[in-house]
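Trainee: sequence plus the predicted model coming up.
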Amino acid sequence: MELKQNISFNMQLFYLPKLSKNDKIAEFDKEESKHLFKVLRKDVGDKLNITNGLNYFFEASINSISKSHCKVDIEKVIKDTPLSYSLHIAISPLKSMERFEWFLEKSSEIGISEVTPIVCDRTEKKYINDKRLRKVLISAMKQSLKSHLPKLNPIISLKEFIKYDFKDDLFIAHCDKFKKEPLLNSINARSSNLILIGPEGDFSQKEIETISSLGFKNVSLGDSRFRTETAGIIACHTVSIVNM
């Protein structure tokens, strides 16, 4: 097994979630095989770079390929360095799912561990397309050449979500006139963090009072009033900066 610095970043990355560090061969599904064969014009002997989304890269060569199957031989396993921190953002879905997808894409590129869509008092969109959103995360992981696929949890009400016994450092970002500290000054390097981001109309005052009583620290992301997806990106980037 080799380390990440030996991998070339002038590459195209593919995703095989079931690939293990001990596997010697692997096979793509019919859809990806067709893309490799018909669109990318790959042939026997061509080299591929693969991740399993679990902090491993693999270098492989094509053993056999057609429009319905592609089998590869694993030639090198590269252990990637995981994030030095854990970041879980629980965020309200947006009426515009395009904007929510943009949040997922950019947070994946920056570095995030887990996302939970939460339904709050003022949330307008109360359902999500899990399959589509997962594809957004996979695409962002591959585009940014990362080896970690963020976990996307099922949508849940805020009331149910806050019943969990979290072991993280807990934060709620909002625009209400509660006493707040800047998130930048509240994050510890190499720590495990959960940050709540509310809907387009923000959390209700009752929600803020309830969440604050559970030990969540009230934080500010800046002087401006941000859109939900922008707030999520700022929170993600702030945690990343603290851990640089």
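Mentor: That came through, no problem. Numbering: from 1, shown residues only.

Trainee: make it CA atoms for all contacts and neighbour counts henceforth
Mentor: Noted.

Trainee: which parts of the protein are strands?
Mentor: For the chain, strands defined by DSSP state E occupy the ranges 2-3, 13-15, 25-28, 47-51, 56-65, 70-79, 86-91, 114-119, 151-152, 156-157, 169-173, 181-182, 192-197, 217-220.

Trainee: wait, which of those strands is closest to K142?
Mentor: Nearest of the strands of the chain to K142, taken as C-alpha to C-alpha: strand 13-15 at 5.3 Å.

Trainee: partners of the closest one, with directions?
Mentor: Using DSSP bridges, strand 13-15 pairs in its sheet with strand 47-51 (parallel).

Trainee: and the pLDDT for F171?
Mentor: What the model reports as pLDDT for F171 is 98.

Trainee: so what's the residue nearest to the spatial centre of the chain up against?
Mentor: Nearest to the geometric centre of the chain sits P150, at 3.3 Å (C-alpha atoms, centre = their mean). Applying C-alpha atoms under 8 Å, 6 or more residues apart in numbering, we find P150 in contact with S108, I112, S113, E114, V115, L137.

Trainee: just to check, the fifth one is in contact with I156?
Mentor: Just to be clear, that refers to V115. No: between V115 and I156 there is no contact, the gap being 11.4 Å when judged by C-alpha atoms under 8 Å.

Trainee: more neighbours: which of the two?
Mentor: Neighbours around V115 and I156, counted as other C-alpha atoms under 10 Å, are more numerous at V115. The numbers are 22 against 18.

Trainee: run a quick neighbour tally on E98.
Mentor: Around E98 sit 10 other residues, with neighbours defined as other C-alpha under 10 Å.

Trainee: got a list of what K126 touches?
Mentor: Under the criterion of C-alpha under 8 Å, 6+ apart, the neighbours of K126 are P93, V119.

Trainee: should've said S139
Mentor: Shown in contact with S139 (C-alpha under 8 Å, 6+ apart): E105.

Trainee: circling back to that earlier point, I'd like the contacts of P150 as TSV, with distance to H88 appended.
Mentor: Formatted as TSV, the entries for the contacts of P150 read as follows, by distance: C-alpha to C-alpha, whole Å:
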residue	distance to H88
S108	12
I112	7
S113	6
E114	5
V115	6
L137	15
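
Trainee: neighbour-wise, give me the winner out of these.
Mentor: Counting neighbours by other C-alpha under 10 Å, S108 comes out on top of those with 28 neighbours.

Trainee: if anything else comes up later, I'll come back, but that's it for now.
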